[in-house]
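# Quick check, what structure comes out for this input:
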Amino acid sequence: MTAIAAREEPAAREAPAAREAPAARKAPAAREAPAAGEAPWARARRGIVALGAQALLCIAACDAREAASAAEAPAQAERAPATITLLYTTDEHGWLLPTAEQGKVLGGAAEMLAQWVSRERHCAGPAPGAPLHMAPSTACQGAPTLALSGGDNWTGPALSSYFSGAPMADAMARMGYAASAFGNHEFDFGREAFLQNRTRSRITYLAANLRVTDPSLSAFALPSFAVFERRGLRVGVIGLATARTREAATASRFDGIDFQGEEAALSRAVPEAWRAEPDALVLLAHACQDELGPILARHPEWRLSFVGAGHCHRKAELRVGGVPLINPGWRMRSYARVSLEIDPRRPLRQRVVSTSTEIVDVSHPEGAPPVPPDEAIARASAGWQRALDDALGEQIGYSSAGMERDSPEIQRWIAEAWRDQLGVDIAILNRDGIRQSVPRGPITRATVFSVLPFDNKLVICSLRGSELREALRHPEAVFFGVSPSADGRLVLQDGSPLDEGRRYTVATIDFLYLGGDGFRFKAQDPSPRWTGLDWRAPVIAWTRALGTSARAPLDARFR
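Numbers count the residues shown, from 1 in each chain. Okay, here's the model as predicted:
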């Protein structure tokens with residue numbers, strides 16, 4: 001449980017604790033069994049994460065005891081008006097540590113929690129490693145804050161991704177997150193890892209439009225909403241996944257699970273949530289503000305007091321029919337502060353008297369003393385970093401100036417490595433698969449895991465020149481081995497023009513081959529060669545073989 005007691009209205013949905021208990025019992029390991037030919041670093045990672053698995057098995061009984069205690073709690077005195085502050089982040093993507101950019105130090109989980117405690121009077125949760133059954137501190141019962149997320153919590157820098165999201169789950173438990181929308185990347189490390197991270201984080205995941213169609217997957221059924229109590233007031237929280245979850249992640253991970261359209265799901269979930277009689281009702285949506293705005297405009301009768309957007313990683317602070325619609329951006333660099341002044345004596349759906357909002361940056365100038373970070377998260381992060389250095393600290397290259405996430409240099413680095421190591425004509429990946437920049441200085445194996453955090457495998461297709469031309473027109477396509485000439489024709493690496501009728505070998509990733517981001521490789525080549533090779537392996541091998549250094553940096557190759 002989080003540091004502040006949370007309760008879902010039983011009359012509306014099954015209690016989160018009851019739903020999570022079977023999941024905890026079915027999570028004996030952090031990862032699936034090692035595949036044949038699996039790399040040693042993958043087995044090591046699997047072993048490190050699995051160490052905490054047995055500690056999670058007690059959560060079912062613990063949650064049941066907490067639920068029983070909550071049910072026996074004495075009735076509260078007459079409720080008085082009060083202000084509840086929502087602290088909302090989204091697309092945290094495993095960014096535990098701050099980053100330095102353009103003279104500023106930005107974000108960080110320990111830094112954000114320190115600001116929440118000092119500025120917002122937020123109550124921190126249990127320290128990483130604390131027993132999962134630890135009861136919330138009595139000092140937290142009167143805290144005025146409710147921490148919420150828009151989803152996509154774990155996948156990002158190697159510090160989180162290499163350990164299947166466990167470090168970020170521990171940090172979010174310490175930060176006291178109560179609920180999160182279900183993001184399209186929650187299954188990136190497999191379904192069992194999601195169950196374990198949900199348990200570690202103590203977060204209630206919500207998705208009004210997620211439907212389990214396979215009865216054997218009942219552990220993954222999520223409630224549409226939950227009701228949380230703060231200062232004697234009740235805040236209803238609805239969760240929403242993007243309807244395009246299957247297209248925005250590896251679709252096979254969602255076999256047996258469907259996602260309904262956002263508006264249809266909300267039209268059912270909002271009235272259902274109001275029947276639980278919360279004092280305020282808010283929405284956490286793993287969907288972009290551009291999609292949510294028109295939906296909200298068509299439904300003023302929903303009487304939502306706040307809508308948190310996400311998924312598109314773009315900051316926005318809007319009002320739609322008086323409803324705040326906010327996307328605070330990603331990577332734990334800022335949060336939305338939403339203060340709800342609530343009078344529980346007013347009629348239902350009219351109890352929020354006023355709402356004030358602000359997007360708060362978590363940053364300080366380089367060299368300036370910051371607010372001291374939360375010691376528990378900082379200490380745990382340092383321990384995970386030591387384990388990461390042991391596993392992936394080997395230096396394989398050097399960058400003198402660094403490479404930005406969207407730069408041609410970083411794109412060529414990855415695609416050229418694939419082409420060289422796999423011996424194909426052309427390499428194609430998706431722009432959004434590259435998740436962060438390469439910093440100046442030594443390049444380690446961990447650097448590659450941070451730039452390419454997803455567990456994709458490489459596939460080799462055979463495409464005609466005409467089909468290849470279609471793929472290269474895709475706005476997400478990043479490629480190497482072919483380029484436009486001065487007269488606009490496509491020219492291969494050896495200078496010969498692309499032949500529309502000839503077949504070419506193309507290296508790509510399983511996500512794109514199976515239709516991710518709308519690519520059509522599967523239709524173009526139904527019988528590709530499945531290499532089973534992790535997409536990072538050729539990049540690591542090729543970079544190591546180049547032997548770059550401070551005197552002969554990798555960047556120089558791409559100038």
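# which intervals of the stretch 1-150 of the chain have sub-threshold pLDDT?
Low-confidence segments of the stretch 1-150 of the chain, defined by pLDDT under 70: 1-77, 135-139, 141.
# switch to 90 and redo it
1-79, 100-103, 127-143 (pLDDT under 90).
# Over to residue 269: give its phi and psi.
Main-chain dihedrals, residue 269, degrees, to the nearest 10: phi -70, psi -40.
# try residue 391
Dihedral angles for residue 391 - degrees, to the nearest 10 - are phi -90, psi -40.
# Which pLDDT value goes with it?
The model reports residue 391 with a pLDDT of 98.
# Settle this for me: it is touching residue 159, isn't it.
No: using C-beta atoms under 8 Å as the test, residue 391 is too far from residue 159 to be in contact (11.1 Å). Any C-beta I mention is one placed from the backbone N, CA and C, and that applies to glycine too.
# Distance from the chain centre to stretch 192-199, please.
Computed by C-alpha atoms, centre = their mean, to the nearest Å, the chain-centroid distance of stretch 192-199 equals 13 Å.
# Restricting to C-alpha, output that stretch in CSV.
In CSV, the C-alpha atoms belonging to stretch 192-199 read as follows (Å, rounded to 0.1, in the frame of the first residue of the first chain):
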residue,chain,number,x,y,z
GLU,A,192,4.8,-11.5,-15.1
ALA,A,193,7.2,-8.6,-14.7
PHE,A,194,4.3,-6.3,-14.8
LEU,A,195,2.6,-8.2,-12.0
GLN,A,196,5.7,-8.0,-9.9
ASN,A,197,6.3,-4.3,-10.6
ARG,A,198,2.7,-3.6,-9.7
THR,A,199,3.2,-5.3,-6.4
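# can you tell me the average pLDDT over that stretch?
Per-residue pLDDT over stretch 192-199 has a mean of 97.
# Tell me which residues touch residue 502, please.
464, 465 (C-beta atoms under 8 Å, 6 or more residues apart in numbering).
# again, 10 Å this time
Neighbouring residues of residue 502 by C-beta atoms under 10 Å, 6 or more residues apart in numbering: 425, 463, 464, 465, 466, 468, 496.
# Quick one: neighbours of the last one, just the number.
In terms of burial, residue 496 registers 9 neighbours under the definition other C-beta atoms under 10 Å.
# which non-adjacent residue is nearest the residue nearest the centre of the chain?
By C-alpha atoms, centre = their mean, the chain has its centre lying nearest to residue 152, at 1.9 Å. With sequence-adjacent residues excluded and distances taken as C-beta to C-beta, 6 or more residues apart in numbering, residue 152 is closest to residue 183, at 3.4 Å.
# Wait, a helix at that neighbour?
No: judged by DSSP: H, G, I helix; E, B strand; the rest coil, residue 183 forms no part of a helix; its state is coil.
# And for it, the neighbour number?
Counted with other C-beta under 10 Å, residue 183 comes out at 29.
# Start and end of stretch 470-477, how far apart?
End-to-end distance of stretch 470-477 (C-alpha to C-alpha, to the nearest Å): 10 Å.
# Ok, stretch 335-350 next?
26 Å.
# in the stretch 301-450 of the chain, which segments are predicted with low confidence?
Low-confidence segments of the stretch 301-450 of the chain (pLDDT under 90): 367-371.
# Domain map for the chain?
As assigned by automatic domain parsing, the chain contains the domains 16-73+85-381, 393-558.
# Give me the distance between the last one and the centre of its chain.
Here domain 393-558 is found 24 Å from its chain centre; the criterion is C-alpha atoms, centre = their mean.
# all helices in the stretch 401-550 of the chain, in order from the N-terminus.
408-422, 445-451, 465-472, 510-513, 521-524, 537-546 (DSSP state H, counting those that start in this stretch).
# still on that earlier bit, surely the residue nearest to residue 152 and residue 222 touch.
No: taking contacts as C-beta atoms under 10 Å, residue 183 lies outside contact range of residue 222: 11.9 Å.
# any residues in contact with both of those two?
With C-beta under 10 Å, 6+ apart as the test, residue 183 and residue 222 both reach 205, 207, 241.
# and residue 81, how many neighbours does it have?
Residue 81: 15 neighbours (other C-beta under 10 Å).
# Phi, psi for it please.
The phi/psi pair for residue 81 (degrees, to the nearest 10) is phi -60, psi 150.
# residue contacts, residue 211?
Residue 211 neighbours (C-beta under 10 Å, 6+ apart): 221, 222, 256, 257, 258, 259, 260, 265.
# how about 6 Å then?
residue 258 (C-beta atoms under 6 Å, 6 or more residues apart in numbering).
# Work out for me the element it sits within.
With elements taken from DSSP states H and E, the one containing residue 211 is strand 210-212.
# Now do that strand: distance to the chain's middle.
Averaging C-alpha positions (C-alpha atoms, centre = their mean) puts strand 210-212 19 Å from its chain's average.
# Show me the strands paired with it, marking each as parallel or antiparallel.
strand 257-259 (antiparallel) (DSSP bridges).
# in the partner strand, what's buried?
257, 259 (16 or more other C-beta atoms under 10 Å).
# can you check stretch 213-231 too?
For stretch 213-231, by 16+ other C-beta under 10 Å, it's 219-231.
# Let me know the closest of these to residue 395.
Nearest to residue 395, judged by C-beta to C-beta, of the buried residues of stretch 213-231 is residue 220 at 40.4 Å.
# next one: phi and psi at that closest one?
Dihedral angles (degrees, to the nearest 10) for residue 220: phi -100, psi 0.
# which non-adjacent residue is nearest it?
Nearest to residue 220 is residue 212, by C-beta to C-beta, 6+ apart, at 5.8 Å.
# residue contacts, the one you found?
Here residue 212 is in contact with 220, 221, 257 (C-beta under 6 Å, 6+ apart).
# want to throw these into CSV with pLDDT?
Listed next are the contacts of residue 212 as CSV, based on pLDDT from 0 to 100:
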residue, pLDDT
220, 97
221, 97
257, 98
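# If you count contacts, what does the helix or strand that contains residue 227 end up packed against?
In this assignment (DSSP H and E), residue 227 forms part of strand 225-230. Judged by 3 or more C-beta pairs under 6 Å, 6 or more residues apart in numbering; DSSP states H and E, strand 225-230 is in contact with strand 233-240.
# The strand it packs on pairs with which strands?
strand 225-230 (antiparallel), strand 280-285 (parallel).
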